[in-house]
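J.: Build me a model:
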Amino acid sequence: MRQNNSQSRLRILCVFFVFLLFDCATIKKYDRRTINIIAVGDNLIHKALITYAENETGEFNFKPFYRGIRDVVSAADIAFINQETLIAGEAFGYSGYPQFNGPEQIGDALIWTGFNVVNHASNHSMDKGEAAVFAVMDYWKTKKNITTLGIHRSEEERKKPRIIISKGVKIGFLSYTYGLNGMSLPDDKPWLVSLIDKKIMAKEIDALRAKCDFLIVSMHWGKEYEHTPNATQEELAVFLAERGVDLVIGHHPHVLQPVRWIERKNGSRMLCYFSLGNLISAQNETPRMLGGMMSVKLNKTKEGAVYIKNYALIPLVTHYERDSSGFRVELLENYSNLSAERHALNRQNTPLTPEYFHTIFNSVDSFSD
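T.: Numbering: from 1, shown residues only. Predicted coordinates for the structure are as follows:
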């Protein structure tokens, strides 16, 4: 009888472990099918952030700025950031507004956080001239598994497709900026920074569309501090949709703008995040302290079509205190009333609380189908 009981228990344990192995295999199979993409907006490194990140020996550590989002970023398959300002290093002088440049250690912190797609096409790309752009590219060239967007060493390099293969899916990237704050590209290097030009964009989109399964375009566009997309953004969004773009990541306004599906003439749709706002900055208006993290999950059908399974916008808060210290970015869900009380902008115009940020977030319309 004891032997039969032992055999029965053994059979039950075997069945349990077979079920467990099957369940784990199912989970792994699901993970292989689902691609998790996150994106954040403007990493706007003002001089106050550089000063705060420097220690007594002159070394820089920007990693604490991003500790509050690191777990989410590092868990993604693809993690995009708009590096708004140059990270060309000491040779070009550290400076803030209006012509920015910071230490290369900013890039080290982004890698540590988990970002692997870095956009450099912004209105500040040429703040320190063409040599600084090449210095930024030299820095990234020393790093593995980082895809940079919007700046190029040559015409030939610009033509090289930016494609990331994730779980068997070819995801293509392009990036464009509306301008360069009145500066011009060198006459002999018109390819250095990708500017919004529909004729050029159409050629580049068509060329990349044929090589990838899913196409993402980063757009530095819109009017600063406006929560509503302007007519140019709306028109460009339709243009991108009709060219076959699948997803737009927007930035530059420094505040949140809506997330919308853009309908194509054929009835299909493109998802557009018009503006993700700031990731971190030392700006001094409370709405600019609220940014967003795009979260998009892709799946692939048995027939090979790639589609957006679900999407979200996760609110983020930039925190800093009255003595220009304590710079960091946090998920709004983790931002406490105690932290809000210590925020440098608390009671500037209205009490700054987590509820205040939720109110701003909810006031930006069209965060749904």
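
J.: Where does pLDDT dip in this structure?
T.: Applying pLDDT under 70 to the chain flags residues 1-32, 365-369.

J.: For it, just list every one of the helices.
T.: Assignment of helices within the chain using DSSP state H yields the ranges 2-33, 47-53, 70-75, 105-113, 130-141, 155-159, 198-209, 231-242, 337-342, 354-363.

J.: Check which residues of the second one are buried.
T.: In other words, helix 47-53. Lys47, Leu49, Ile50, Tyr52, Ala53 (16 or more other C-beta atoms under 10 Å). In short, each C-beta sits where N, CA and C put it, glycine included.

J.: one step back: please identify which of the helices of the chain is closest to Tyr178.
T.: helix 231-242 (7.9 Å; C-beta to C-beta).

J.: Look up phi and psi at the closest residue to Ile111 other than its chain neighbours.
T.: In space, and not counting its chain neighbours, Ile111 is closest to Lys143: 6.3 Å by C-beta to C-beta, 6 or more residues apart in numbering. Lys143 adopts backbone torsions of phi -110, psi 140, taken as degrees, to the nearest 10.

J.: from the buried residues of helix 47-53, which single one is nearest Ser275?
T.: Leu49 (20.9 Å).

J.: Could you report the neighbour count for the residue nearest to that closest one when sequence neighbours are not counted?
T.: Leaving aside its chain neighbours, Leu49 sits nearest to Phe327 (5.4 Å; criterion: C-beta to C-beta, 6+ apart). The number of residues packed near Phe327 is 23, by other C-beta atoms under 10 Å.

J.: Check the gap between Phe327 and Ala91 for me.
T.: According to C-beta to C-beta, to the nearest Å, Phe327 stands 24 Å off from Ala91.

J.: How about the contacts made by Val248?
T.: Contacts for Val248 (C-beta atoms under 8 Å, 6 or more residues apart in numbering) come out as Ile216, Val217, Ser218, Met219, Ala237, Leu240, Met270, Leu271, Cys272, Tyr273, Phe274.

J.: So the fourth one sits against Glu234, correct?
T.: No - in this structure Met219 lies outside contact range of Glu234 using C-beta atoms under 8 Å: 11.9 Å.

J.: For stretch 240-260, list every residue counted as buried.
T.: By neighbour count on 16+ other C-beta under 10 Å, the buried set for stretch 240-260 is 240-241, 243, 245-260.

J.: Next step: those restricted to strands.
T.: Judged by DSSP state E, the subset of the buried residues of stretch 240-260 located in strands is Leu247, Val248, Ile249, Gly250, His251, Val259, Arg260.

J.: The fourth one and Asp213, how far apart?
T.: Think Gly250. From Gly250 over to Asp213 (counting by C-beta to C-beta), the distance is 22 Å.

J.: The fifth one too?
T.: Per C-beta to C-beta, His251 is found 24 Å from Asp213.

J.: now swap in the last one and tell me
T.: For Arg260, the distance to Asp213 under the criterion C-beta to C-beta works out to 23 Å.

J.: Check the second one too.
T.: Distance, Val248 to Asp213, using C-beta to C-beta: 17 Å.

J.: what's stretch 195-214 in contact with?
T.: 121, 159, 161-163, 169-172, 174, 176-180, 185, 215, 217, 219, 221, 236, 239-240, 243-247, 298, 300, 304, 306.

J.: ok, now stretch 221-234?
T.: Stretch 221-234 is contacted from outside by 177-178, 196, 219, 236-237, 250, 252-258, 274-275, 285, 287-288, 363-364, using C-beta under 8 Å, 6+ apart.

J.: Distance across it, terminal residue to terminal residue?
T.: 10 Å (C-alpha to C-alpha, to the nearest Å).

J.: Please apply the same query to stretch 327-339.
T.: OK, stretch 327-339 end separation, C-alpha to C-alpha: 12 Å.

J.: Then stretch 204-224?
T.: 27 Å.

J.: how far is it from where the chain is centred?
T.: With C-alpha atoms, centre = their mean, to the nearest Å as the basis, stretch 204-224 stands 14 Å off its chain's centre.

J.: and what of stretch 321-340?
T.: Counting by C-alpha atoms, centre = their mean, stretch 321-340 comes out at 20 Å from the chain centroid.

J.: again, but for stretch 289-307
T.: So, by C-alpha atoms, centre = their mean, the centroid of stretch 289-307 is 13 Å from its chain's centroid.

J.: List the buried residues in it.
T.: Buried residues in stretch 289-307, counted by 16+ other C-beta under 10 Å: 289-300, 306.

J.: just stretch 146-155 next, same as before
T.: Result for stretch 146-155 [16+ other C-beta under 10 Å]: buried residues Ile146, Thr147, Thr148, Leu149, Gly150, Ile151, His152, Arg153.

J.: Distance of the last one relative to Ser125?
T.: The one in question is Arg153. Distance, Arg153 to Ser125, using C-beta to C-beta: 14 Å.

J.: The third one too?
T.: Remark: distance between Thr148 and Ser125 (C-beta to C-beta) = 12 Å.

J.: Could you do the first one as well?
T.: According to C-beta to C-beta, Ile146 stands 17 Å off from Ser125.

J.: what's the neighbour count on Pro315?
T.: With other C-beta under 10 Å as criterion, Pro315 counts 22.

J.: contacting residues around it?
T.: Pro315 makes contact with Leu290, Gly291, Gly292, Met293, Leu331, Leu332, Glu333, Phe357, His358, Phe361, according to C-beta under 8 Å, 6+ apart.

J.: Distance to Pro103 for those - can I get that in JSON lines?
T.: Output for these, formatted as JSON lines (distance: C-beta to C-beta, whole Å):
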{"residue": "Leu290", "distance to Pro103": "27"}
{"residue": "Gly291", "distance to Pro103": "22"}
{"residue": "Gly292", "distance to Pro103": "26"}
{"residue": "Met293", "distance to Pro103": "24"}
{"residue": "Leu331", "distance to Pro103": "26"}
{"residue": "Leu332", "distance to Pro103": "28"}
{"residue": "Glu333", "distance to Pro103": "31"}
{"residue": "Phe357", "distance to Pro103": "30"}
{"residue": "His358", "distance to Pro103": "34"}
{"residue": "Phe361", "distance to Pro103": "32"}
